[in-house]
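Participant: Sequence below, structure please.
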Amino acid sequence: MPPDLSTSPLDEEREKQEANEKDVALMLRVKEGDMAAFENLVEIHQSAVIGTVAKMLGGASEAEDIAQQVFIRVWKSAGRYKPQAKFTTWLFTITRNLVFNESRRRKRKPTVSVEEREEEYHLTVSDREAPSPSDDLIQSELEKTIDTAIQELPEKQRMAVVLRRYEELPYDEIAKVLSMSVPAVKSLLFRARTQLKESLQKYLEQ
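Facilitator: Next comes the predicted model:
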């Protein structure tokens, strides 16, 4: 699908600002114990959180469970919430903490192999279009190769790549999520992209 040329960068920025204002307004209502506002926030952001968790951990097997933990943490932390940054920055910081904890737990006590998690992940992702069998196979192989390469990155590099590539977060927001400076995030992403390029080179040369 061709890009929507009718939307300017200024319009996009305005839309993002309006979306954040809506998120903050909802979260302030959650802070007052408003369950309907909380359910609205979950509905808006659960796809992004589940997708981020699945990409970070290499599979969808526990993504929904961990995403649920993220939103439970949002509810429990509501009383301490202050709109000092974008709501998504706060949300993805909570996501980062839980994902990093789960990643470290797995290193201490491995359960499911990377290959099994990848297989499960790809079986749960539905195609947006209906490509030909050969195109579908090529796309599936490419996605699997990219997922595997991302899994080989150190966790901070992996999180930066996922937030930048899939959630399209700006550098300054990624920096806040990872508690780093913007130059440090750019350096982190440069190293990650270099490693990904090396990992994918074999596939690209075929």
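
Participant: Pick out the residue nearest the middle of this structure.
Facilitator: For the chain, Thr52 is the residue whose C-alpha lies nearest the centre (C-alpha atoms, centre = their mean; 2.6 Å).

Participant: How much space separates it from Pro83?
Facilitator: As judged by C-beta to C-beta, to the nearest Å, Thr52 and Pro83 stand 22 Å apart. In this view, the C-beta of every residue, glycine as well, is placed from N, C-alpha and C.

Participant: do Leu196 as well
Facilitator: For Leu196, the distance to Pro83 equals 35 Å [C-beta to C-beta].

Participant: Quick check: the gap between Asp34 and Leu41.
Facilitator: Asp34 is 10 Å from Leu41, where distance means C-beta to C-beta.

Participant: When the two are compared, which one has more neighbours?
Facilitator: Leu41 (21 against 15; other C-beta atoms under 10 Å).

Participant: If you drop the residues flanking it in sequence, what lies closest to the more buried one?
Facilitator: Distances taken as C-beta to C-beta, 6 or more residues apart in numbering place Leu26 nearest to Leu41, at 5.1 Å, with adjacent residues excluded.

Participant: swap in Pro83?
Facilitator: Excluding its sequence neighbours, the residue lying closest to Pro83 (C-beta to C-beta, 6+ apart) is Val24, at 4.6 Å.

Participant: for the helix or strand containing the one you found, packing partners?
Facilitator: For Val24, the host element (DSSP states H and E) is helix 9-31. Counting contacts by 3 or more C-beta pairs under 8 Å, 6 or more residues apart in numbering; DSSP states H and E, helix 9-31 is packed against helix 35-57, helix 63-77, helix 87-108.
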